[in-house]
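Asks: Fold the following and give me the result.
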Amino acid sequence: MNLFITGICGFVGSSLVECLLERHENLSICGIDNLMRPGSEANRTRLRELGVTVIHADLRSASDFECLPKTDWVIDAAANPSVLAGVQAGFGSRQVFEHNLAGLVNVLEYCKAHRAGLILLSTSRVYSIRSLCSIPLKDEGKAFRLDDSKPLPNGATARGIGTQFSTEPPISLYGSTKLASEAIALEYSYAFDFPVWINRCGVLAGPGQFGTPDQGIFAYWINAHLRRRPLRYIGFGGTGKQVRDALHPRDLCVLLDRQIGTERRDGRRLYTAGGGPRNSMSLAALTEWCDSRFGAHAPVPDLRPRTYDIPWLVMDNDETESDFGWRPEIPMEGILSQIACHAERNPDWLARSGV
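Replies: Just a heads-up that it's a prediction; the model follows:
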């Protein structure tokens, strides 16, 4: 089987390559990356050592797709994944749409030309900010927890947030480009008859993730704590009780592998994939974990609210488990320990991540 991965030199793309090669003997992988992220050049070297063809190209350029080899499946792992993209310095609003939406059209035309299947990695941040902030929560000391004793909005259960949850704006510029990408991908699938799977992923985390506070929060927090960098609890009373779940790319790989091997051509195409309640943690609890491993280092409260921040977001994998028999296997402790070991072996990791 031939597989093509966009954003192949990023954390998710490169991690999927390693896992897929371990799972399949006769697998040929090719991918493209614009290498604009700090650290991606090192990943290109590592991938080439694994026998993977890495092409320096840009999704936004249609001509860069003209000479790409034929493939059976495409995994689209290329995007600017920051929910603050377009509203903070360094990455303009037009660039968000060029990278995350306009570039997808070139990917879809490539799939159309080769009748290749597509797996689109979307995001949990397609959900309504107002609706997420209105979910009933209870304060459990170091974390906010879902209060399922009160009425929950459609799409929210004790298991987390599912695909039926509101996507009403505002959802962020980043989230809107991913939501639009989902719709366009499904339209191409229907019009030109090639399979598409869409996975709304929670926070992906693991060793080798570029540690930036707006993208790889678990990797950033552990690396910054270890190096005694300043840390802040932003908003929500400055206590660090906001909660997210974490999913290891190797667990995601298992799901993608099953989707590629599925013959079903109709029915549900959109799924959530995250760590779920068992793999969820607040920043305060993460700090406590870091304190126990590296020694005490206290974050500073910052009471100012920040655009698009939410107090709680955990993914419900019920539909994914029902259709693919999939659930995350790597526990939170394992994810954090792997990140910590990587941080200890790479004292310059924040600098290499561009922080």
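
Asks: For the rest of this, base every contact and every neighbour count on C-alpha atoms.
Replies: Will do.

Asks: Distance of Gly92 relative to Arg44?
Replies: Gly92 is 26 Å from Arg44, where distance means C-alpha to C-alpha, to the nearest Å.

Asks: who's more crowded, these two?
Replies: Neighbour count, other C-alpha atoms under 10 Å: between Gly92 and Arg44, Arg44 has more, with 23 against 13.

Asks: Surely the more buried one is within a strand?
Replies: No. Per DSSP: H, G, I helix; E, B strand; the rest coil, Arg44 lies outside any strand segment and is helix.

Asks: How about it: what's its closest non-neighbour residue?
Replies: The spatially closest residue to Arg44, leaving aside those adjacent along the chain, is Cys9, at 5.6 Å (C-alpha to C-alpha, 6 or more residues apart in numbering).

Asks: swap in Gln209?
Replies: Nearest non-adjacent residue to Gln209, counting by C-alpha to C-alpha, 6+ apart: Phe11, 5.2 Å away.

Asks: Please name the residues that touch the one you found.
Replies: By C-alpha atoms under 8 Å, 6 or more residues apart in numbering, Phe11 lies in contact with 208-210.

Asks: Give me the below-cutoff pLDDT ranges for the protein.
Replies: Within the chain, the segments meeting pLDDT under 70 span 89-90.

Asks: center of it, which residue is that?
Replies: With the centre of the chain defined as its mean C-alpha position, the nearest residue by C-alpha atoms, centre = their mean is Leu204, 4.7 Å away.

Asks: how close does the closest residue to that one other than its chain neighbours get to Ile335?
Replies: Nearest residue to Leu204, sequence neighbours excluded (C-alpha to C-alpha, 6+ apart): Leu247, at 4.8 Å. Per C-alpha to C-alpha, Leu247 is found 8 Å from Ile335.

Asks: and the closest residue to Ala158 other than its chain neighbours, what is it in contact with?
Replies: Excluding its sequence neighbours, the residue lying closest to Ala158 (C-alpha to C-alpha, 6+ apart) is Asp148, at 6.1 Å. Residues in contact with Asp148 (C-alpha under 8 Å, 6+ apart) are 136, 157-158.

Asks: Those residues in strands, which ones?
Replies: With strands taken from DSSP state E, the overlap with these comprises Thr157.

Asks: would JSON lines of the contacts of Asp148 with distance to Ala183 and neighbour count be doable?
Replies: Output for those, formatted as JSON lines (distance: C-alpha to C-alpha, whole Å; neighbours: other C-alpha atoms under 10 Å):
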{"residue": "Pro136", "distance to Ala183": "30", "neighbour count": "17"}
{"residue": "Thr157", "distance to Ala183": "25", "neighbour count": "17"}
{"residue": "Ala158", "distance to Ala183": "28", "neighbour count": "14"}
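
Asks: so which of the contacts of Asp148 comes closest to Asp266?
Replies: Thr157 (26.2 Å; C-alpha to C-alpha).

Asks: For the residue nearest to that closest one when sequence neighbours are not counted, what are phi and psi?
Replies: Leaving aside its chain neighbours, Thr157 sits nearest to Asp148 (7.2 Å; criterion: C-alpha to C-alpha, 6+ apart). Backbone torsions of Asp148, given as degrees, to the nearest 10, read phi -80, psi 10.

Asks: With Gly10 as the reference, measure out to Asp148.
Replies: Noted for Asp148: a distance of 37 Å to Gly10, by C-alpha to C-alpha.

Asks: so what's Ile234 up against?
Replies: Taking C-alpha under 8 Å, 6+ apart, we find Ile234 in contact with 240, 301-306.

Asks: would you list every one of the strands in the stretch 101-250 of the chain?
Replies: For the stretch 101-250 of the chain, the strands defined by DSSP state E, counting those that start in this stretch cover 117-123, 137-139, 144-146, 156-157, 160-161, 196-201, 203-204, 232-234, 243-247.

Asks: Need the ones you listed in CSV (columns: distance to Tyr188).
Replies: Listed next are the strands of the stretch 101-250 of the chain as CSV, based on distance: least, C-alpha to C-alpha, whole Å:
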stretch, distance to Tyr188
strand 117-123, 10
strand 137-139, 39
strand 144-146, 37
strand 156-157, 29
strand 160-161, 27
strand 196-201, 9
strand 203-204, 27
strand 232-234, 40
strand 243-247, 29
